[in-house]
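A.B. asks: this is a predicted model, with the sequence first.
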Amino acid sequence: MMQPGPKNLITDVRGLLVGNAQDENIKTGVTVLTADQPLVTSYCVMGGAPGTRDTDLLAPDKTIKAVDALVLSGGSAFGLDAASGVVDKLKENGKGLEVAGHIVPLVPSAILFDLSNGGKKKWAKNPYPNLGKQAYENLNPDFELGSVGAGCGAQGGTMKGGLGSASFKLSNGITVGALVAANPVGDATDDTGRHFWAAPFEFGDEFGGFEAPSGGGYAKSFKRPELFPLEDRANTTIGIVATDADLTKAQAQRLATSSQDGIARAIVPSHLPFDGDLIFASSTKELPLKDEIYDLAEICHAASLCMARAIARGFYNAKKLPGDPMPTFKNFNN
């Protein structure tokens, strides 16, 4: 039996901290995840237009065993500099890989495109290194959802996206959580704008308690004129799943891959050439797997459901900001 953790956040995985920083004038932000100890981490990309930093080292055959933090950022290519701010803060705190007497923090990151959301983008100096530093300084086991951090300026097909999170506590004592900045080409709801695709996986009323879509509608969602012209859209859903189970990098890669099902369950359409859909998967290595195959399978399933729920929670909690070109879910349904 799976039940949400006490916070229903990725930080229900013991030792994890999340920090957010945003600029509501620019309509963008940064989200940082880190832990007490380096995180065994891998990743999976299923979108056609990803933007990343230092992800090659996460492949199972690469030498690096763990990383010090992960960054999700708005800003497209400019947002990759957010990781530089986090690297600086980690170094100040003496955290990183020791190499020849030097501390080298390892901070893979992924970005989403939020340059067309009505914010003031004509900055004189790239704001993302400072936003990365601020996000690190805001690390906490508790954090808000919606228009915060990397989800500050997120947009979906027809309504605002946002930062979402969810967790599960498994019957074997293992905890799984998801954190996501949902900014997809597709939509998190059916054509009515009221019913989340992820509704069958909802616990309680964590994203409103609305009933699930009925009568299909998947094909119609792709045909909606509001989604076009697609060639003018550049979007991405980027996220992290984490567990306290003791995983290898290869197992973390399998976890990241399986968790992409959560994106497909919550967003229609997903994994398009215009999306950069990416998921990191991390382990704090607290609890051993009792049955390596079965336990990993259950963790993968739980993480995919957490990801779907987190996406819906990100949309549900988005707030309206001045000059937004899109309504929020709550505005849409008032």
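C.D. replies: Thanks, I have it.

A.B. asks: let's see stretch 304-313 as PDB, backbone CA atoms only.
C.D. replies: Output in PDB follows, covering the C-alpha atoms of stretch 304-313 (Å, rounded to 0.1, in the frame of the first residue of the first chain):
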ATOM      1  CA  SER A 304       6.000   7.600 -12.100                       C
ATOM      2  CA  LEU A 305       2.800   8.100 -10.200                       C
ATOM      3  CA  CYS A 306       4.500  10.800  -8.000                       C
ATOM      4  CA  MET A 307       5.600  12.500 -11.100                       C
ATOM      5  CA  ALA A 308       2.100  12.600 -12.600                       C
ATOM      6  CA  ARG A 309       0.700  13.900  -9.300                       C
ATOM      7  CA  ALA A 310       3.400  16.500  -9.000                       C
ATOM      8  CA  ILE A 311       2.700  17.900 -12.500                       C
ATOM      9  CA  ALA A 312      -1.000  18.300 -11.700                       C
ATOM     10  CA  ARG A 313      -0.100  20.000  -8.400                       C
END
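
A.B. asks: which other residues reach that stretch?
C.D. replies: Where contact means CB atoms under 8 Å, 6 or more residues apart in numbering, the residues beyond stretch 304-313 that reach it are 2, 145, 164-168, 176-180, 182, 188, 196-199, 201-203, 206-207, 237, 239, 241, 258-263, 265-267, 279. The way it works is simple: take the backbone N, C-alpha and C, and place the C-beta from them, glycine included.

A.B. asks: mind running it again at 7 Å?
C.D. replies: 145, 164-168, 176-180, 182, 188, 196, 198, 201-202, 206-207, 237, 239, 241, 258-259, 261-263, 265-267 (CB atoms under 7 Å, 6 or more residues apart in numbering).

A.B. asks: kindly report the same for stretch 165-180.
C.D. replies: For stretch 165-180, the external contacting residues (CB under 7 Å, 6+ apart) are 1-5, 7-10, 12-13, 18, 33, 145, 164, 237, 239-245, 262, 287, 290, 295, 298-299, 302-303, 306-307, 309-311, 313-314.

A.B. asks: one more time with 6 Å
C.D. replies: Residues from elsewhere that reach stretch 165-180 (CB atoms under 6 Å, 6 or more residues apart in numbering): 1-5, 8-10, 12-13, 164, 239-245, 287, 299, 302-303, 306-307, 309-311.

A.B. asks: over to stretch 252-270?
C.D. replies: Contact partners of stretch 252-270, identified using CB under 6 Å, 6+ apart, comprise 40-44, 46, 60, 184, 186, 188, 197-198, 218, 221-222, 237, 241, 277, 279, 281, 283, 300, 303-304, 307-308, 311-312.

A.B. asks: just these: which are in strands?
C.D. replies: Among the contacts of stretch 252-270, the members found in strands (DSSP state E) are Val40, Thr41, Ser42, Tyr43, Cys44, Thr237, Val241, Ile279, Ala281, Ser283.

A.B. asks: can you tell me which of those residues is nearest Asp56?
C.D. replies: Closest approach between the ones in strands among the contacts of stretch 252-270 and Asp56, by CB to CB: Tyr43, at 9.9 Å.

A.B. asks: the closest one: neighbouring residues, count only.
C.D. replies: For Tyr43, the neighbour count with other CB atoms under 10 Å is 24.

A.B. asks: might one say that Leu287 is in contact with Asp295?
C.D. replies: No - Leu287 sits out of contact with Asp295 when judged by CB atoms under 6 Å, with a separation of 9.2 Å.

A.B. asks: which one of these two has more residues nearby?
C.D. replies: A count of neighbours by other CB under 10 Å puts Asp295 above the other of Leu287 and Asp295, at 21 against 17.

A.B. asks: can you tell me the element that one falls in?
C.D. replies: In this assignment (DSSP states H and E), Asp295 forms part of helix 292-316.

A.B. asks: mind listing what's buried along that helix?
C.D. replies: Residues of helix 292-316 classed as buried by neighbour count (16 or more other CB atoms under 10 Å): 295-296, 298-316.

A.B. asks: now do the helices in the protein.
C.D. replies: In the chain, the helices defined using DSSP state H lie at 82-92, 128-137, 218-223, 249-266, 292-316, 329-332.

A.B. asks: ok, which of those helices comes nearest Pro273?
C.D. replies: Closest to Pro273 of these is helix 218-223 (CB to CB; 13.1 Å).

A.B. asks: for the closest one, what is the average pLDDT?
C.D. replies: The average pLDDT for helix 218-223 rounds to 51.

A.B. asks: over to stretch 304-323?
C.D. replies: Per-residue pLDDT over stretch 304-323 has a mean of 97.

A.B. asks: same thing with stretch 266-273?
C.D. replies: On average, stretch 266-273 scores 91.
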